[in-house]
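Asker: this one's structure only:
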């Protein structure tokens, strides 16, 4: 029971934790919101699998400030991303862009899965065909009986 | 015919396995990021020097002769190891510009007087802004800039003697010709 209560509080009542410090936040709520959205999609180069919105590292802090500064200067989200990619490379984006070199990354798993399904259906339909053989024609049956009769003595 | 077709999935699986395992087996450090600035013009900077009277350190200084730009800090432990190597190549006539990342003047002075100063000029990147321009994410970081101001090589982490001999010096010699 206690465990259930603990799990309940952990799952339902926990506030999401972010590394954004109050003194970093912008006064304009709209700009601040877009800064948060951008930060959530920017990889922290030192922690690698964390966004700079989550990371407490100093570099993440600097990048968060930089994003806010550029938004304040009137840049769009695309321009901010472009600025970061120009300096840190595609790696800085938590979601890789969809382009020719990342096609395999984005669609490889789905492609492999559908290939598997096709192979499965193909082999399954072949197996079913072999389960239900075509019945012998009358002529074939006569030949078979004649053949079996001829070799009757060898079976003993 | 069908027999031949039936081994295709197996063959495919083996090829896929190798394709996925190969990058792991290869000697590759996932923490080393490729530089987005490779073969691009060095970011523009204009930083105050270590002494208030010293001339400012500008990206324009880099044009004319191949040089090394080294991001360092007195609080960075690998920098202390690296600086010995840098002193050696500086004494061979290679120009090294030091950019002190998020550090204060007094600490840098003490650092350079106890470990030696290999730098032709030291610029202060107090808030790390120029570091961001270069895509710096860990100290020390070393960039080789050609005589036209293009970044030709980047290394993250302390330079070793071996690396200097095998990569840096040959590249600088090539760029110098």
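Answerer: The structure has been received and is ready for your questions. Remember, it's a predicted structure, so these values are computed and weren't measured experimentally.
Asker: hey, let's count contacts and neighbours off CA atoms from now on
Answerer: Fine.
Asker: who's in contact with the lengthiest helix in chain B?
Answerer: When chain B is parsed with DSSP state H, its longest helix is helix B:8-25. By Cα atoms under 8 Å, 6 or more residues apart in numbering or on different chains, no surrounding residue is in contact with helix B:8-25.
Asker: Looking at that helix now, give me its mean pLDDT.
Answerer: Helix B:8-25 comes out with an average pLDDT of 84.
Asker: Centre of the chain to that helix, how far?
Answerer: Helix B:8-25 sits 34 Å away from the centroid of its parent chain (Cα atoms, centre = their mean, to the nearest Å).
Asker: now stretch A:57-69
Answerer: Relative to its parent chain, stretch A:57-69 has a centroid offset of 28 Å by Cα atoms, centre = their mean.
Asker: got it, and stretch B:141-156?
Answerer: Stretch B:141-156 sits 7 Å away from the centroid of its parent chain (Cα atoms, centre = their mean).
Asker: Just the terminal-to-terminal distance for it.
Answerer: Start and end residues of stretch B:141-156 are separated by 5 Å (Cα to Cα, to the nearest Å).
Asker: Report the buried residues of the longest helix anywhere in chain A.
Answerer: As assigned by DSSP H, the longest helix anywhere in chain A is helix A:103-131. Across helix A:103-131, burial judged by 16 or more other Cα atoms under 10 Å in any protein chain shown covers no residue at all.
Asker: Quick check, central residue of chain A?
Answerer: residue A:106 (7.2 Å; Cα atoms, centre = their mean).
Asker: What is the neighbour count of residue B:115?
Answerer: Counted with other Cα atoms under 10 Å in any protein chain shown, the neighbours of residue B:115 add up to 15.
Asker: So residue B:151 sits against residue B:171, correct?
Answerer: No: between residue B:151 and residue B:171 there is no contact under Cα atoms under 8 Å: 11.8 Å.
Asker: So if I had to pick from these two, which one is more boxed in?
Answerer: Remark: of residue B:151 and residue B:171, residue B:151 carries more neighbours, 24 against 17, as counted by other Cα under 10 Å.
Asker: Show me where chain B dips below the pLDDT cut-off.
Answerer: B:1-2, B:27-34 (pLDDT under 70).
Asker: who in chain A is up against chain B?
Answerer: With the criterion set to Cα under 8 Å from any Cα of the partner chain, chain A comes near chain B through A:45, A:46, A:48, A:59, A:62, A:63, A:85, A:86, A:87, A:88, A:89, A:91.
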